[in-house]
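> prediction below, plus the sequence it came from.
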Amino acid sequence: MRWPGRAPLGRAPGRARDAVTFTGRDGRRLLATVFSHTYHQSSVRIWDATTGRALRRWGRPVRFRLPKDVHAIAVCGPGLIAACTPDRVRLWNGVTGARIRVPATRLTVQFTGAPSLLTAFPADDGTVLLAAVNGDNAVRIWNPWTGALVAEPDSGHTGRMHALVTVPGSPARLASGGQDGTLRIWEPLSGAATRTLDTGAPIHDLAAGPGAVFLAGPGGLTAIDI
């Protein structure tokens, strides 16, 4: 597919809110898209990221439904999708749509609001952990397989965070930005910053690639070498 490319996603079941890409077992790049419904429910559908066709299993599109609105999703290992509702984190097999039964994490115990940002990163022992952020910038690090709270680092932001992404490489680092216009790259378990950059304008969104963080703000898209 030539970039920029466009592929129809078929008949959308609601309003698209978020999307993440991951690799299927056959090496295909897949896209998981969250749709919000008018009756406070959500569904996640899986698509071939190259063709735009819905991934099908046994003749039916791969999808999973949530009884509540999804606020954030993240790729949590090979073919695994983590979906964050207002009260808990749930895991699905993104290739089959099957629910993975693990201990539920009730985020409302520690959060004052529904988590709005979610990203996954590898720990030193190879375990995939989840970093979740809610509306008052409280950061929680979870083990999604056990439901255990691992750490509560301070993000260092003075305004609302709008974006949180995992920076490729080892050791694991997170990049965050938001209303205060500060791009921070930090260690997820300790919160210690490895780099801080004041951009002078609110940061709307972030994406991370090898050696660079891409920053979206009022002035457009900017690449920052890291």
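Structure's in. What do you need?
> just the pLDDT for residue 15.
Residue 15 carries a pLDDT value of 67.
> residue 7 now?
Value listed for residue 7 in the pLDDT field: 56.
> same check, this time on the one 5 residues further on
Here the pLDDT value assigned to residue 12 is 57.
> residue 71 too?
Taking residue 71 on its own, its pLDDT is 66.
> residue ranges with poor pLDDT in the chain?
Confidence mapping of the chain against pLDDT under 70 gives the ranges 1-17, 37-40, 66-71, 78-79, 84-88, 102-115, 135-136.
> and the gap between residue 153 and residue 197?
Residue 153 is 19 Å from residue 197, where distance means CB to CB, to the nearest Å. C-beta: built from backbone N, CA, C; applies to glycine.
> how about stretch 198-206: buried residues?
Neighbour counts using 16 or more other CB atoms under 10 Å place 199, 202-203, 206 of stretch 198-206 among the buried residues.
> so what touches that stretch?
159, 162-165, 175-183, 213-219, 222 (CB atoms under 8 Å, 6 or more residues apart in numbering).
> quick revisit: which of the buried residues of stretch 198-206 sits closest to residue 63?
The shortest approach to residue 63 among those belongs to residue 206, at 27.6 Å (CB to CB).
> leaving out chain neighbours, which residue sits closest to the closest one?
residue 163 (3.9 Å; CB to CB, 6 or more residues apart in numbering).
> residues contacting the one you found?
For residue 163, the contact set (CB under 8 Å, 6+ apart) comprises 117, 175-178, 203-206.
> ok so, going back, of the buried residues of stretch 198-206, which belong to helices?
Among the buried residues of stretch 198-206, the subset assigned to helices under DSSP state H is empty.
> quick one: residue 152 and residue 194, what's the gap?
According to CB to CB, residue 152 stands 19 Å off from residue 194.
> ugh, wrong one, I meant residue 74
According to CB to CB, residue 74 and residue 194 sit 21 Å apart.
> more neighbours, these two?
Taking residue 74 and residue 194 together and counting by other CB atoms under 10 Å, residue 74 has the greater number of neighbours (27 against 14).
> what's near enough to touch that one?
Counting by CB under 8 Å, 6+ apart, residue 74 touches 20, 81-82, 84, 118-120, 130.
> the residue sitting nearest the centre point of the chain is in what secondary structure piece?
Nearest residue to the geometric centre of the chain (CA atoms, centre = their mean): residue 74, 3.4 Å. Here residue 74 sits within strand 72-75, counting by DSSP states H and E.
> can you pull the buried residues of stretch 188-196?
Neighbour count says stretch 188-196 has 188-189, 191, 193 buried, by 16+ other CB under 10 Å.
> what segments of this protein are helices?
Going by DSSP H, the chain shows no helices.
> domain-wise, how is it divided?
Following the assignment in automatic domain parsing, the chain carries domains at 1-152, 158-226.
> neighbours of the residue nearest to residue 94 when sequence neighbours are not counted, how many?
Once flanking residues are discounted, residue 94 sits nearest to residue 81: 4.4 Å by CB to CB, 6+ apart. Using other CB under 10 Å, residue 81 is surrounded by 26 other residues.
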